[in-house]
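>>> sequence below, structure please.
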Amino acid sequence: MGKRRSFSHEVIKSFIKENIQFCRQSRGSICELIDDFNGCYSNGYIDIKYRDELKHEAYHLIKVLNGYIASIKRQKEKSLNDLMT
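Model (predicted):
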């Protein structure tokens with residue numbers, strides 16, 4: 001593999017790795033929010049209906065992030081394979 005391909009390969013790997021890590025951290029933050037929603041309900045700041053709406057949206061965001069992470073991983077494999085050819 002030439003220097004140009006090697007450099008491109010490393011840039012792609014680094015970008016993808018950082019992007020996936022950011023998404024994982026975001027997913028963790030959403031999970032913390034779900035705990036916060038439960039705490040707000042327990043302390044009487046919000047009613048159960050609103051808590052459940054917020055949790056539903058949060059779980060939807062987690063599903064979207066999981067799908068995005070999977071898509072990034074598939075694209076990574078494709079990009080790296082394209083560089084090898």
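>>> where in the protein is pLDDT low?
Filtered on pLDDT under 70, the chain yields the residue ranges 1-5, 80, 82-85.
>>> max-length helix in it?
In the chain, assigned by DSSP state H, the helix with the most residues is helix 3-42.
>>> that one packs against which elements?
Contacts defined by 3 or more C-beta pairs under 8 Å, 6 or more residues apart in numbering; DSSP states H and E place helix 3-42 against helix 48-84. Glycine gets a C-beta too; all of them are placed from N, C-alpha and C.
>>> what's stretch 17-24 in contact with?
65, 68-69, 72-73 (C-beta atoms under 8 Å, 6 or more residues apart in numbering).
>>> okay if I get those residues as a markdown table plus distance to residue 8 and neighbour count?
Formatted as a markdown table, those follow (distance: C-beta to C-beta, whole Å; neighbours: other C-beta atoms under 10 Å):
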| residue | distance to residue 8 | neighbour count |
| --- | --- | --- |
| 65 | 27 | 16 |
| 68 | 23 | 15 |
| 69 | 22 | 17 |
| 72 | 17 | 16 |
| 73 | 18 | 12 |
